[in-house]
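A.B. asks: Quick one, fold the following:
(2 chains)
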Number of protein chains: 2
Amino acid sequence: MEGTRLCHRNLLPTTNPSLTCRFFSNSVIHHTSFHNYKTNFPKFLVSATMEASFKPEEARVPAVLPLPTPPVTKFKIALCQLSVTTDKERNIAHAQQAIEDAADKGAQLILLPEIWNSPYSNDSFPVYAEDIDAGGDASPSTRMLSEVSRSRKITIIGGSIPERSGDKLYNSCCVFGTDGKLLAKHRKIHLFDIDIPGKMTFKESRTLTAGERPTIVDTEVGRIGIGICYDIRFQELAAIYAARGAHLLCYPGAFNMTTGPLHWELLQRARAADCQLYVATCSPARDGGSSYVAWGHSTLVGPFGEVLVTTEHEETTLIAEIDYSVIEQRRTYLPFQKQRRGDLYQLVDVDRLNSTGAK
Amino acid sequence: MEGTRLCHRNLLPTTNPSLTCRFFSNSVIHHTSFHNYKTNFPKFLVSATMEASFKPEEARVPAVLPLPTPPVTKFKIALCQLSVTTDKERNIAHAQQAIEDAADKGAQLILLPEIWNSPYSNDSFPVYAEDIDAGGDASPSTRMLSEVSRSRKITIIGGSIPERSGDKLYNSCCVFGTDGKLLAKHRKIHLFDIDIPGKMTFKESRTLTAGERPTIVDTEVGRIGIGICYDIRFQELAAIYAARGAHLLCYPGAFNMTTGPLHWELLQRARAADCQLYVATCSPARDGGSSYVAWGHSTLVGPFGEVLVTTEHEETTLIAEIDYSVIEQRRTYLPFQKQRRGDLYQLVDVDRLNSTGAK
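C.D. replies: Residues are numbered from 1 along each chain as shown, chains lettered A, B, ... in the order given. Predicted coordinates:
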């Protein structure tokens, strides 16, 4: 119940701004191991004397975690905008080839699209779903990801595949480390249920169940927050990841021909600029003949909200360099962290709050 | 202390999702009179039975207020991108002329730029500052706004001017109703203190004091949330206004030649798309000879984040139609309101929480 006690303190006017930090010094992030992370308290953190009445440190509850020092600061990311067919075996082999080609070109982090082993449709999800937790033959898609990440010593954010778990189906993203181990599994938190009459109607909730929690993971290429497609629409999730010290947000996503031109780039740039971190997205290539036509336009955005690399809708692999040192530079230029008004608004990370003191 | 008690309850797991609504049914918004507003519970509000475990209604604390029915649904807004000189009398007469011209063209709402009666510089703020509360000769700029709003029966969001109050200076936006009365005064909450070496360094805090609270106001043309320039960078403020039932956010702002191309349109579109409401901005026209060169590009954005009208940097007045019925339509298409995960994150409006039960 420490979390509950802190919650009360933190939302009340307090004369001791250090309370939050002290209480949360032992907090952990789910699906995250910090053992190889040194903390590196950046210059932009709030000084105790500056504008104390505005309580900038209380604008996030629990308090913002310092940006960790990642194992590498500069590296190449690959966004594999894959074509997806009805042939699952082909899809798996095809993805493997794209990953290996990207690794050959020096990519240390690979991002795959949303639902890359199956057509994107409620009819297909149950048919193509795999039991990821059982593994092996029950999940040939993640078995391939594990094998190739180990053999090539790369980190893979495995897009997403339909996951079967008991009698439920999820839209799930698996993250594999350089040793081939499953580091994290994100189940899409916000299901894609929209209805734009005459343009786009889809209800994932017809077949899928929503995930239970945010997913942020420490990898050999930094601390990465995961969202799947519609998750990007909820700025709170990105802000929570930023407060947990994320360097990069990865969103496998398949926006469509209506929402794509409207919002795909806008949302990526907004999350990056507001949170001052990198945002990478990866879409399937467009297949005009499928029931759901993907927008494509996989993109990497820098911490000023600037598009670093993007593409149209054809199958391709984008390779671009990420440099995390830019994050601290941008946050020094525009020091939101010490300018937020915790006396006026507070974003509460309920999941982290409830997990205080627990591994 | 009701607010405090609710805060605790709301952040705890609860089996009674109606608690929030019940406790806050009497809450009020600052600077707002609701007497002429009927409430209109929109269809997209969360049903008690849908996805109750995700607690979408708890993603905002206090709970989201229903979108009010405004006195008019469709009307014309004018964005007066004024040239600003060192001659205050000229600036006032010039603004009056632009307002009257816009009223002649049918505009019912006028938005002026940030700091339209004075050059934008720390040297100028003390010299051009006016005592708005004293009024009359002590504030010729707001006297003009009051007179013209009454004579033309229009609503004016009066950009901003440097305000002197006791020994403090503020960057303040005054809102005048169709009867010439001052409906609200917003003092810039987030001061513009940035340092991008070799490109843009400015510290408003050298001379200015930050405002104490958000400002949302019921007018003859809807419920309007006010921010000034740098305030737009803080998504929490926009989200708070949306939760208080805003139809429109107005940001007088003078982005510059560095931050303008980077972020001006991005932030407006992001706030509009995330909050699903209208966003209007108004900049001074560009004066290449001044110490601070404004970006211009005053803009109106619709609730899908779409640019409805914009301009370059020259002096001009944009007139465009706003149709609030679009807001509910967009929120039906993309029903974020019932899709947020209050079990995972909560945005707390501390100011409204602390004011529960008080006028």
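A.B. asks: From here on, just use CA atoms for contacts and neighbour counts.
C.D. replies: Will do.
A.B. asks: Show me what from the stretch 201-350 of chain A comes close to chain B.
C.D. replies: Where the stretch 201-350 of chain A comes near chain B, counting by CA under 8 Å from any CA of the partner chain, the residues are A:213-214, A:233-237, A:240, A:262-263, A:266-267, A:269-270, A:274, A:304-306, A:332-335, A:339-341, A:343-350.
A.B. asks: Which members of those residues are positioned in strands?
C.D. replies: Among these, the residues falling in strands (DSSP state E) are A:Y345, A:Q346, A:L347, A:V348, A:D349.
A.B. asks: Point out where the stretch 1-150 of chain A drops to low pLDDT.
C.D. replies: A:1-52 (pLDDT under 70).
A.B. asks: Spell out, range by range, the helices that occur in it.
C.D. replies: With DSSP state H, counting those that start in this stretch, the ranges of helices along the stretch 1-150 of chain A come out as A:2-11, A:18-23, A:88-104, A:124-128, A:140-152.
A.B. asks: Kindly report the same for the stretch 151-300 of chain A.
C.D. replies: Ranges of helices within the stretch 151-300 of chain A are A:235-243, A:259, A:265-275, based on DSSP H, counting those that start in this stretch.
A.B. asks: Touching the last one from outside, list them.
C.D. replies: Residues external to helix A:265-275 that are found in contact with it (CA atoms under 8 Å, 6 or more residues apart in numbering or on different chains): A:232-233, A:235, A:238-239, A:242, A:278-281, A:299, A:301-307, B:233-235, B:266-267, B:269-270.
A.B. asks: Which residues are in contact with A:P140?
C.D. replies: With contacts defined as CA under 8 Å, 6+ apart, the neighbours of A:P140 are A:I92, A:E130.
A.B. asks: how much space between it and chain B?
C.D. replies: Counting by CA to the nearest CA, to the nearest Å, the gap from A:P140 to chain B is 32 Å.
A.B. asks: how many other residues sit next to A:R233?
C.D. replies: Counted with other CA atoms under 10 Å in any protein chain shown, residues neighbouring A:R233 total 22.
A.B. asks: In JSON lines: the ones in strands among the residues of the stretch 201-350 of chain A next to chain B, plus distance to B:P119.
C.D. replies: Putting those into JSON lines (distance: CA to CA, whole Å) gives the following:
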{"residue": "A:Y345", "distance to B:P119": "32"}
{"residue": "A:Q346", "distance to B:P119": "34"}
{"residue": "A:L347", "distance to B:P119": "36"}
{"residue": "A:V348", "distance to B:P119": "40"}
{"residue": "A:D349", "distance to B:P119": "42"}
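A.B. asks: mind putting the residues you listed in a markdown table, pLDDT and neighbour count included?
C.D. replies: Listed next are these as a markdown table, based on pLDDT from 0 to 100; neighbours: other CA atoms under 10 Å in any protein chain shown:
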| residue | pLDDT | neighbour count |
| --- | --- | --- |
| A:Y345 | 98 | 27 |
| A:Q346 | 98 | 25 |
| A:L347 | 98 | 25 |
| A:V348 | 98 | 28 |
| A:D349 | 98 | 26 |
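A.B. asks: Correct me if wrong: A:K338 contacts A:E57.
C.D. replies: Yes. Using CA atoms under 8 Å as the test, A:K338 is close enough to A:E57 to be in contact (7.2 Å).
A.B. asks: one step back: quick one, which of the contacts of helix A:265-275 are buried?
C.D. replies: Taking 16 or more other CA atoms under 10 Å in any protein chain shown as the criterion, what is buried in the contacts of helix A:265-275 is A:232-233, A:235, A:238-239, A:242, A:278-281, A:299, A:301-307, B:233-235, B:266-267, B:269-270.
A.B. asks: Contact partners for the residue lying closest to A:I196 once chain neighbours are set aside?
C.D. replies: Setting aside the residues directly before and after it, A:I196 is nearest to B:Y333 in space (CA to CA, 6 or more residues apart in numbering or on different chains), at 4.9 Å. Applying CA under 8 Å, 6+ apart to B:Y333 gives the contacts A:I194, A:D195, A:I196, A:P197.
A.B. asks: Hmm, B:T332 and the second one touching each other?
C.D. replies: Yes. Counting by CA under 8 Å, a contact exists between A:D195 and B:T332, whose distance comes to 7.5 Å.
A.B. asks: Span of stretch A:271-282 from start to end?
C.D. replies: One end of stretch A:271-282 sits 15 Å from the other (CA to CA, to the nearest Å).
A.B. asks: Ok, stretch A:98-112 next?
C.D. replies: 10 Å.
A.B. asks: which parts of that stretch are buried?
C.D. replies: So stretch A:98-112, judged by 16+ other CA under 10 Å, has buried residues A:A98, A:I99, A:E100, A:A102, A:A103, A:A107, A:Q108, A:L109, A:I110, A:L111, A:L112.
A.B. asks: Just the closest of the residues you listed to B:F176, please.
C.D. replies: Among the buried residues of stretch A:98-112, A:L111 lies closest to B:F176 (CA to CA), at 52.1 Å.
A.B. asks: Just confirm the closest one contacts A:P252, I think it does.
C.D. replies: Yes. Between A:L111 and A:P252 there is a contact under CA under 8 Å: 7.3 Å.
A.B. asks: residues touching A:V279, list them.
C.D. replies: A:V279 makes contacts with A:L248, A:L249, A:C250, A:Y251, A:Q268, A:R269, A:R271, A:A272, A:L300, A:V301, A:G302, A:P303, as judged by CA under 8 Å, 6+ apart.
A.B. asks: Enumerate the beta-bridge partners assigned to it.
C.D. replies: Following DSSP bridges, A:V279 is listed with bridge partners A:L249, A:V301.
A.B. asks: Can you pick out the most distant pair from the contacts of A:V279?
C.D. replies: Maximum pairwise distance among the contacts of A:V279 (CA to CA): 15.4 Å, between A:Y251 and A:P303.
A.B. asks: so how far is B:A272 from A:G135?
C.D. replies: A:G135 is 43 Å from B:A272, by CA to CA.
A.B. asks: For the residue nearest to the spatial centre of chain A, which residues are in contact?
C.D. replies: Taking CA atoms, centre = their mean, the centroid of chain A lies closest to A:I226, which sits 1.9 Å from it. Applying CA under 8 Å, 6+ apart, we find A:I226 in contact with A:C173, A:H186, A:P214, A:T215, A:I216, A:L249, A:C250, A:Y251.
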